[in-house]
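**Student:** build the 3D model from these lines:
(chains A and B)
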Amino acid sequence: MRRFVLISVPYLWLLTLFLIPFVIVFKIALSDAALAIPPYMPTMKDGLSAMFSQLDFENFVFLTEDDLYWKAYLSSLKIAFISTVLTLLLGYPIAYAMARAPHEWRATLMMLIILPFWTSFLIRVYAWVGILSTEGLLNRFLFWIGAIREPLMILNTSTAVYIGIVYTYIPFMILPIYAALERLDASLIEAAEDLGCSRMKAFWLITIPLSKGGIIAGCFLVFIPALGEFVIPSLLGGSGTLMIGKVLFEEFFSNRDWPVASAVAVILLIILIIPIILFQRNEQRQQEAEG
Amino acid sequence: MNRLSSFNVVSLTFGFAFLYLPMLILVIYSFNKSKLVTVWAGFSTKWYGELLNNEAFLDAAWVTLKVAVISSSIATVLGTMAAYTLVRGGRFFGRTLFSGMIYAPLVMPEVITGLSLLLLFIGVGMDRGVMTIVLAHTTFSMCFVSVVVSSRLATFDRSLEEAALDLGASPFQAFRLITLPIIAPAVVSGWLLAFTLSLDDLVIASFATGPSATTLPMKIWSSVRLGVSPEINALSSILIGLVASGVVIASLASKRNSVRLRFEERTAERL
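**Tutor:** Have a look, this model is predicted:
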């Protein structure tokens, strides 16, 4: 009896507030705009057969016809991909240096990496607005050292979005790579060097392959949330940067077209399922390798 | 292994500068006299004063705090129950679905979670406000709590619990006297994580709320969309200060706790 309560309370909570809402999103994505314009009335009470007979794929057809959505999906994928690569290039050396730091520093270094994660995400993104704007600190600094004569346009371009994503998600890249590198047996590298490997070659042949699990985990942890990102493109990207999270938000709050917003959400979910499954496979493989 | 090459030193310096300089600049400019955020015009604390007189911000801060305390507390209870079920529950009907529902919200884009919850609240005709934000925040943060707690549960020595049961404790007593004290650090950090997630959330709260409740991130959002303002800098600095001191205190406490725990375990082994 007690076990039943223990299982069923969180179970029912998640069913009602996580799973059922998704069913509703699917249902609305497949229903007519006229039916669903606010005040919206879900017609569940007509029974299941009525519900299914009303379904149509009009909203999805609409998404394929209007190239705004295609462009938004493609540019989200592109932005998420490029920023993941940039985060890896920047994060790996940091994780590597952390793993090589003296033991007594490591806990502090770890805390310094995690600390920004506890501070408000919104504030961290906002901090860049004042730095990147045309009369911002970066432009003033570059002008002062004489590197530029005309202020650079960075804010409201995709460059600002890359900076924002790298900045906010880099802890997610550093931590799994650091975890993998810290476990790495240093004698393997010594052995390789004793056997005549150059340091660079030992790095490519031993360190990189042995930290592969961490690299993959870090890339997914950056790529997956970056794909549906809303705050960063809205605040730093300006009107020119299309990302699907932003389109969804605007579709919902500005255009108030709920069926189309739901259809956008369904497609975003379908795109995300592939990396999520790959990520979970990778995690399982890691666990098996350790156990 | 313990030698840092100059390349390592450079990457650490650069990395931490990258992480902390923007926030440092934000804090410095909150003490700027000028309304223009990028021009330094002398030291002043007037923006902090204005912030304290801004009713709208104070109201939003109060709503946010209320939501965060309530939702993280419910989420901690539910998340601990879920973790216990996942690690100790054995097999039950729909276990795969259950663990899927625990892990999915961790990677779900906020816009989708928010949208789906709003459609649910409207579907059942609920008045949107503080209550619906609490429900929304509890739902996603209980999953984070559950992940934190279950990793602790998975590593702990089960024979301690079994010994208590053998010695005549009821399952509930065994949980309260043995399991809970051991997983307590994880439960506390789960609560803290849920609390900060709730404090921080903009997207899900924007979907879940109605006209009656505005949270602090929503208030910040509507004013930063218009550009940089020194008042927001002041508010951000206060939040950064609170979080930084909170994290430092929590990590010191957990360090002391783990030292004590290790000491107790070692003493127990010797006995």
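
**Student:** outline the domain layout of chain A.
**Tutor:** Chain A resolves into domains spanning A:20-56, A:66-290 when parsed by automatic domain parsing.

**Student:** can you name the residue of the stretch 101-250 of chain A nearest chain B?
**Tutor:** The stretch 101-250 of chain A approaches chain B most closely through A:Gly228 (2.5 Å), counting by Cβ to the nearest Cβ. (C-beta placed from N, C-alpha, C; glycine too.)

**Student:** most packed of the domains of chain A?
**Tutor:** Most buried of these, by mean neighbour count (mean count of other Cβ atoms under 10 Å in any protein chain shown): domain A:66-290, with a mean of 18.

**Student:** circling back to that earlier point, with mean pLDDT as new columns, can the domains of chain A be given to me in CSV?
**Tutor:** Formatted as CSV, the domains of chain A follow (pLDDT from 0 to 100):
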stretch, mean pLDDT
domain A:20-56, 62
domain A:66-290, 88
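
**Student:** sorry, back to before: contact partners for the residue of the stretch 101-250 of chain A closest to chain B?
**Tutor:** Going by Cβ atoms under 8 Å, 6 or more residues apart in numbering or on different chains, A:Gly228 touches A:76, A:244-245, A:268, A:272, B:109-112.

**Student:** could you do B:Val224 as well?
**Tutor:** B:Val224 neighbours (Cβ under 8 Å, 6+ apart): A:122, A:126, A:129, A:235, B:232.

**Student:** what of A:Phe143?
**Tutor:** By Cβ under 8 Å, 6+ apart, A:Phe143 lies in contact with A:149, A:151.

**Student:** dump the domains of chain A into JSON lines; add distance to B:Gly168 as well.
**Tutor:** Formatted as JSON lines, the domains of chain A follow (distance: least, Cβ to Cβ, whole Å):
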{"stretch": "domain A:20-56", "distance to B:Gly168": "43"}
{"stretch": "domain A:66-290", "distance to B:Gly168": "36"}
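
**Student:** measure the residue lying closest to B:Leu193 once chain neighbours are set aside to A:Val222 for me?
**Tutor:** Nearest residue to B:Leu193, sequence neighbours excluded (Cβ to Cβ, 6 or more residues apart in numbering or on different chains): B:Phe144, at 5.3 Å. B:Phe144 is 18 Å from A:Val222, where distance means Cβ to Cβ, to the nearest Å.

**Student:** and for B:Val87?
**Tutor:** 28 Å.

**Student:** and A:Ser76, by the same measure?
**Tutor:** From A:Ser76 to A:Val222 the distance is 14 Å (Cβ to Cβ).

**Student:** ok, B:Ala104 next?
**Tutor:** According to Cβ to Cβ, B:Ala104 and A:Val222 sit 18 Å apart.

**Student:** contacts only, for A:Pro116.
**Tutor:** Residues near A:Pro116 by Cβ under 8 Å, 6+ apart: A:124, A:171, B:19-20, B:23.

**Student:** so which residue is dead centre in the chain?
**Tutor:** Using chain A here. By Cα atoms, centre = their mean, the mean C-alpha position of chain A lies nearest to A:Pro225, the distance being 1.8 Å.

**Student:** let's do chain B instead
**Tutor:** B:Leu193 (2.5 Å).

**Student:** now do the strands in the stretch 1-150 of chain A.
**Tutor:** Ranges of strands in the stretch 1-150 of chain A, per DSSP state E, counting those that start in this stretch: none exist.

**Student:** would you map the helices across it?
**Tutor:** Assigned by DSSP state H, counting those that start in this stretch, the stretch 1-150 of chain A shows helices spanning A:2-14, A:20-29, A:33-36, A:48-53, A:58-65, A:67-100, A:103-118, A:121-132, A:137-144.

**Student:** and of those, who's closest to B:Gly79?
**Tutor:** Nearest of the helices of the stretch 1-150 of chain A to B:Gly79, taken as Cβ to Cβ: helix A:2-14 at 7.5 Å.

**Student:** burial measure for B:Ala82, as a count.
**Tutor:** 30 (other Cβ atoms under 10 Å in any protein chain shown).

**Student:** these two touch, right, it and B:Phe144?
**Tutor:** No: counting by Cβ atoms under 8 Å, B:Ala82 stays clear of B:Phe144, with 10.9 Å between them.

**Student:** excluding chain neighbours, give the residue nearest to the residue in the stretch 101-250 of chain B that chain A sits nearest to in space.
**Tutor:** Nearest residue of the stretch 101-250 of chain B to chain A (Cβ to the nearest Cβ) works out as B:Pro109 at 2.5 Å. In space, and not counting its chain neighbours, B:Pro109 is closest to A:Gly228: 2.5 Å by Cβ to Cβ, 6+ apart.

**Student:** in a helix, that's where A:Glu229 is, yeah?
**Tutor:** No: under DSSP: H, G, I helix; E, B strand; the rest coil, A:Glu229 falls outside any helix and is assigned coil.
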